[in-house]
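Trainee: got a sequence here, can you build the structure:
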Amino acid sequence: MATAWSLTIDCASPTTLATFWTAALGYEPAPPPRGWTSWDDWFDDHDVPPSERDGGAFIHDPAGVAPGISFLRVPEGKTVKNRMHLDLAVGGGRHVDPDLRRSRIDAVVQRLTDLGATVLRDVPDHVTMTDPEGNEFDVL
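Mentor: Modelled structure (predicted):
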């Protein structure tokens, strides 16, 4: 049996990154855990002080297929290249006509740039970008 998992991204601004990745992936803000009507109710029940309630943000795949992502505020900034990154597979794969595949990649790169991403490298089969806090990912 596979182990359920989610992804956690350390960051300076959980809300900023959650907003970016929600739009980039077609995700939604995660609802509060089952049994609570709001995140504030959950925070109250778990004695999370108000000063700590903006320390995280949570998004999920509305179809319930892909893993959830948490964004947690940490005091230190990013200092080196990611050792793990996301690949956004939007081109359709190598079996798709290269011009069509590239047009799909370019459209997503433009949309993500408009959302605050930055292009690092553009090579024939993919584009390496960074999110608003400098975390690398590829669009392929």
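
Trainee: make it CA atoms for all contacts and neighbour counts henceforth
Mentor: Will do.

Trainee: worst-scoring helix or strand of the protein, pLDDT-wise?
Mentor: helix 39-45 (a mean of 93; mean pLDDT, DSSP states H and E).

Trainee: and that one, what's buried?
Mentor: Neighbour counts over helix 39-45 (16 or more other Cα atoms under 10 Å) mark 42-43 as buried.

Trainee: next SSE after it?
Mentor: strand 56-60 (DSSP states H and E).

Trainee: and that next one, what does it pack against?
Mentor: helix 14-25, strand 28-29, strand 69-73 (3 or more Cα pairs under 8 Å, 6 or more residues apart in numbering; DSSP states H and E).

Trainee: okay, now the sheet partners of the shortest one, with direction.
Mentor: Read it as strand 28-29. Strand 28-29 has the following sheet partners, assigned by DSSP bridges: strand 56-60 (antiparallel).

Trainee: starting at the chain centroid, how far to the partner strand?
Mentor: Mean C-alpha position of strand 56-60 versus that of the full chain (Cα atoms, centre = their mean, to the nearest Å) differs by 9 Å.

Trainee: so Arg121 sits in a helix?
Mentor: No. Read with DSSP: H, G, I helix; E, B strand; the rest coil, Arg121 is strand and lies in no helix.

Trainee: which residues touch it?
Mentor: By Cα atoms under 8 Å, 6 or more residues apart in numbering, the residues touching Arg121 are 127-129.

Trainee: one step back: can I get the least confident helix or strand of the chain as CSV, trimmed to CA atoms?
Mentor: Output of helix 39-45 as CSV, limited to C-alpha atoms (Å, rounded to 0.1, in the frame of the first residue of the first chain):
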residue,chain,number,x,y,z
TRP,A,39,-9.5,27.4,9.9
ASP,A,40,-10.1,29.8,12.8
ASP,A,41,-12.2,27.2,14.6
TRP,A,42,-9.4,24.6,14.1
PHE,A,43,-6.8,27.1,15.3
ASP,A,44,-8.9,27.8,18.4
ASP,A,45,-9.4,24.2,19.2
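
Trainee: mind checking how far that helix is from the chain centre?
Mentor: Distance of helix 39-45 from the chain centroid (Cα atoms, centre = their mean) equals 24 Å.

Trainee: lovely, talk soon.
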